[in-house]
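[1] Starting from these lines, generate the structure:
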Amino acid sequence: MKKLKSLITTFIVLLLFSGCSKEFLEKSPPDALTEDGFYNSEERAQLGVNAIYVSLQSSWSENLLRINDVPSGDLVLSNTTPLEYNNFTYYPALTQIHSTYSGLYQGIIRSNAVIKNVPSISMTDALKNQYLGEAKFLRALNYFTLTNLFGAVPLITEPLANTDAALVARTPVADITKVIIADLVAAEAGLPVSYSGNNLGRATKGAAQALLGKVYLYNKDYTNAEKYFSLVIASGRYGLMDNFQEVWHRSFENNKESVFEVQFADIGGSGANNKNGTMLPAVNGATGSTLATKRAFDAFDPSDPRRGMSIFKAGDTFAPNVSAALAIFNPTWSASGYAVKKGMWPIMYVNGSGINYPLIRYADVLLMYAEAANELNQIDKARAAVNQVRQRPSVMMPVLTAADTGTKQTMFDAIVKERQVELMFEFQRFMDLKRWGMAPTVLGPLGYQAKHNLFPIPQLELDINPKLTQNPGW
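    This next block holds a predicted model:
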């Protein structure tokens, strides 16, 4: 596909690159091919779509973990640089902010190429609609993430004709949201309900419905949010895993609870997300770099089994199959005294981790449905959905009742708590606190100020594009 000069702007990136060994992502268009004439067959169309999925690996990675989960207070950076995400002293020139911004636009540029070119390729209508649906779903996901992180950003919906075409001003969030919703409505119509074999992990109709519900929820359109979450629930295609630890377990990827997850390879290199290398505590006098906090540990009720399945504490079984010295967790291995267990069990000390990142899972859908239903004064329906999550066989927390969640406010408080403990370390908490207006109170002691409602536009983008403006306070 056509290579646009990547050093000029983040919109100008290599359209396609290789590096993911998940089977449906194994092929990427060779760098030698240009966009002109590339989209001339069904196979080339598939390669173009596959490349959009590959771009997810760069955006949903260690960089986004740092800028999105560390500020939630549930994680803390240690023994690494930069540490500014721990106390809200980050600034526009930091690499993680720019890499996240550019990675999301990389997916958008690749989506635009598919959406523009695939309609003219000869193939069955069903397959054409699928490929277009996947591209529109992924473009919507990238833009939704961008607007939640940065607010108004440049809206690019066509392939770039030249470098100057990338130099555009920021588009109001409301206008971008209209494109996001239109993309997801089209994706829902074109995507299949499921896949099998080598195609597991591609976007489905349920994924489009769930993301559409989330977009409406974030925009406080609770009627439409409830509608689309109800469609996912009523489809019968999803369910909760009995064992909470299997949700993020490398042996149970793309399980029945997975609505959509980023596919990573089980090898090092570009197909890895380095989750092991970032979250596992170090030994021999060093400490790990991204650690669970006491604040996160204390968020769980002491009787909640999910605490022991999510966080390592002193005395926990750690890695007996690795070495005797690592059999029991030693809090001196961690600057916080704790470490992330979710997605890290069983322990494997390898530099490149192939653990998938679930971006939308069924428990999240149930809790978002509960939030929308509660806002519509359907408190009994909201309670029932939350209780499904609490009553997972491996969890079995006491059911909520009308006595403790009989009002809209008490039900909302229960949803807030449940989302934190169920979805901890899953890119949700910081966004939840901001959209609920709770960030100043909850995160103020950590350094949160009004300007932190949005991340700064990366300094490199401002230097390159004179039409861009910075977010307030930065």
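
[2] Asn326 touches Phe312, doesn't it?
    In this structure residue 326 is Leu, not Asn. No: using CB atoms under 8 Å, Leu326 makes no contact with Phe312, being 11.2 Å away. Bear in mind the C-beta positions are built from the backbone N, C-alpha and C, glycine included.

[3] neighbour-wise, which of those two wins?
    Phe312 (27 against 18; other CB atoms under 10 Å).

[4] how near is the more buried one to Leu75?
    Separation of Phe312 from Leu75 (CB to CB, to the nearest Å): 13 Å.

[5] what is in contact with these two at once?
    Both Phe312 and Leu75 are contacted by Ala292, Val340, under the criterion CB atoms under 8 Å, 6 or more residues apart in numbering.

[6] Need the residues touching each of Leu326 and Phe312.
    Taking CB under 8 Å, 6+ apart as the contact rule, Leu326 and Phe312 both touch Phe318.

[7] ok, for the most centrally placed residue in the chain, nearest residue in space, not its chain neighbours?
    Nearest to the mean C-alpha position of the chain, by CA atoms, centre = their mean, lies Leu359 at 4.3 Å. Take Leu359 and drop its neighbours on the chain: the residue closest to it by CB to CB, 6 or more residues apart in numbering is Phe260, 5.3 Å away.

[8] Same check on Leu200?
    Closest to Leu200 by CB to CB, 6+ apart is Asn254, at 4.8 Å.

[9] swap in Tyr369?
    Spatially, and ignoring its direct neighbours in sequence, Tyr369 is nearest to Phe229 (3.8 Å; CB to CB, 6+ apart).

[10] swap in Glu42?
    Using CB to CB, 6+ apart and skipping the chain neighbours, the partner closest in space to Glu42 is Met123 (4.4 Å).

[11] Please report how far the residue nearest to Pro172 when sequence neighbours are not counted lies from Asp221.
    Of all residues not flanking Pro172 in the chain, Ala152 sits nearest, at 5.5 Å (CB to CB, 6+ apart). Using CB to CB, we find Ala152 at a distance of 19 Å from Asp221.

[12] where along the stretch 201-350 of the chain do the strands fall?
    Secondary structure of the stretch 201-350 of the chain (DSSP state E, counting those that start in this stretch): strands located at 258-262, 290-292, 311-312, 339-340.

[13] How far away from the center of its chain is the last one?
    Spelled out, it's strand 339-340. Relative to the mean C-alpha coordinate of its chain, strand 339-340 is positioned 19 Å out (CA atoms, centre = their mean, to the nearest Å).

[14] contact partners of it?
    75, 279-281, 288, 290-292, 310-312, 329, 333, 425.

[15] Just the mean pLDDT for it, thanks.
    Strand 339-340 shows an average pLDDT of 93 in the prediction.

[16] Please name the strands paired to whichever helix or strand comes after it in the sheet, noting orientation.
    Next along the chain after strand 339-340, taking DSSP states H and E as the criterion, comes strand 357-361. Partner strands and pairing direction for strand 357-361 (DSSP bridges) are strand 258-262 (antiparallel).

[17] What strand or helix carries Ser394?
    Applying DSSP H and E, one finds Ser394 in no helix or strand.
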